[in-house]
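>>> 3D, please:
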Amino acid sequence: MDIQLLKQLGNMEQIAGIREARILRGRGEGIEIAEVYNAAGLRYTIVPDRCMDLYGLSYKGMNLSFQSKNGLTSPQAFAPGNGEFSEQWPAGMLVTCGLDNVGGQASQGGNYPTHGRIAHTPAANFGTETFWDGDEYVLRARGEVHQTKMYGRHLSIRRTIETGLYEKKLQIRDVITNYEAEDEPYMLLYHFNFGYPLLQEDSCVEVSKAQVKPMNHMSDDSFHMMKPVDGRGEELYFRTGFGDTACGVIYNRRLGLGGYVKYRTAHLPNLMEWKNMKSHDYVLALEPCNTCGLNRDEAAEAGKLAVLPAYSSIENELELGVLDGEKEIDAFLENMK
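As a prediction, the model looks like this:
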């Protein structure tokens, strides 16, 4: 441990810690949250009642995440009917999509709501800890989310989210397990949502070299952003063909600020980019995934639905970080080449 640092403090919470709380009013009434902050100026909010997803992310007081007009909503507000997804989706920095469906609602062999059910499922065995590991001070949250069905699936995500005392990044480690005796189809997408003020008209996006496929008629420029436009439709881009690792970054040179996602591609071979320049729904999402831009019905028909063998597990590791200043932005872009 850093004895010289400790001599200057009465309590480590002066500079870093995890504070757990409960929302008292509004559509999020009763939701538990855990706010993590460190000495680098990184601050993020974990929502254990929503799959341990991330709501807010800021750096030195500047927001990086997009938060929808719905705000932070209770998972009890969720219903799988048509249209109700958009009426309660909170967005935030990370929404985990799956494990039964990704994309629009599907219906073959069951009722599969838009982007699946896992993001609306509370975590079991959630806990936080802060401790010295040698000279490093660790801030960690853990929990497990189960998606089950009588006479059907039993999939789980065992999630760990961790950062260090002076780090401008956090690590997400997910172990996805099939506890059933049969092989189980699964879909998984990590919906990282960046918003204002990081996202502005002079912000730019770069993604690791890959094959790019525009997914609709609006999709003609995945690199440059624009001002919010009333009534504008969304743009979607599908990327595949990465190496062993991939990353995506949004940066704003005028602010000297960037946000990035870096991950292993072994079980996340693709990435979706959602560029929505519509007023009030102004968001840029980078979405590592094992899907191909199709919902469960379409993926099954195309023979592209991933399967997790009985009693087996896979592991995903993702890094979400901040770039501070032109030098860090330039160095990150250079390493992407």
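
>>> okay, and the helix or strand of the protein with the least pLDDT?
The helix or strand of the chain with the poorest confidence is helix 84-88; it has a mean of 78 (mean pLDDT, DSSP states H and E).

>>> Tell me the buried residues in that one?
Using 16 or more other C-beta atoms under 10 Å as the test for burial, helix 84-88 gives 85, 88. Yep, even glycine has a C-beta here, placed from its N, CA and C like the rest.

>>> And it, how far out from the chain middle?
Here helix 84-88 shows a centroid-to-chain-centroid distance of 18 Å under the convention C-alpha atoms, centre = their mean, to the nearest Å.

>>> Number of residues surrounding Gly164?
Residue neighbour count, defined by other C-beta atoms under 10 Å, stands at 20 for Gly164.

>>> For Asp2, see how far away it is.
Gly164 sits 12 Å away from Asp2, taking C-beta to C-beta, to the nearest Å as the criterion.

>>> again, but for Asp100
As for Asp100, its distance to Asp2 is 46 Å (criterion: C-beta to C-beta).

>>> Counting neighbours, go ahead and name the busier of these two.
Counted by other C-beta under 10 Å, Asp100 and Asp2 do not tie: Asp100 has more neighbours, with 23 against 13.

>>> picking that back up, may I have the least confident helix or strand of the chain exported as PDB, CA atoms only?
Extracted as PDB, the C-alpha positions of helix 84-88 are listed here (Å, rounded to 0.1, in the frame of the first residue of the first chain):
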ATOM      1  CA  GLU A  84     -43.000  -0.400 -24.400                       C
ATOM      2  CA  PHE A  85     -39.300  -0.800 -24.800                       C
ATOM      3  CA  SER A  86     -38.900   2.800 -26.000                       C
ATOM      4  CA  GLU A  87     -41.200   4.100 -23.300                       C
ATOM      5  CA  GLN A  88     -39.000   2.800 -20.400                       C
END
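
>>> elements contacting it?
Packed against helix 84-88, as judged by 3 or more C-beta pairs under 8 Å, 6 or more residues apart in numbering; DSSP states H and E, are no other helices or strands.

>>> Give me the next element, helix or strand, following that helix.
Of the helices and strands lying after helix 84-88 in sequence (DSSP states H and E), the nearest is strand 94-99.

>>> Return the list of helices and strands in contact with that following strand.
For strand 94-99, the packing partners by 3+ C-beta pairs under 8 Å, 6+ apart come out as strand 53-59, strand 154-164, strand 187-194.

>>> Could you check that strand and say which residues are buried?
For strand 94-99, using 16+ other C-beta under 10 Å, the buried residues are 94-99.

>>> wait, which of the helices and strands packed on strand 94-99 is closest to Asp281?
Asp281 lies closest, by C-beta to C-beta, to one member of the helices and strands packed on strand 94-99: strand 187-194, at 10.7 Å.

>>> Pull out the CA atoms of the helix or strand following that closest one and give them to me as CSV.
Sequence-wise, the next helix or strand downstream of strand 187-194 (DSSP H and E) is strand 204-207. Written as CSV, here are the backbone C-alpha positions of strand 204-207 (Å, rounded to 0.1, in the frame of the first residue of the first chain):
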residue,chain,number,x,y,z
CYS,A,204,-15.5,12.1,-34.6
VAL,A,205,-15.6,8.3,-34.4
GLU,A,206,-13.0,5.7,-35.3
VAL,A,207,-13.3,2.0,-35.2
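
>>> contact partners of strand 204-207?
Residues outside strand 204-207 that contact it (C-beta atoms under 8 Å, 6 or more residues apart in numbering) are 222-225, 239, 246-252, 271, 273, 275, 284, 286, 333, 336.

>>> For the very next helix or strand once past that strand, what is the distance to the chain centroid?
For strand 204-207, the succeeding helix or strand toward the C-terminus, using DSSP H and E, is strand 211-214. Shown here is strand 211-214, whose average C-alpha point lies 21 Å from the average C-alpha point of the whole chain (C-alpha atoms, centre = their mean).
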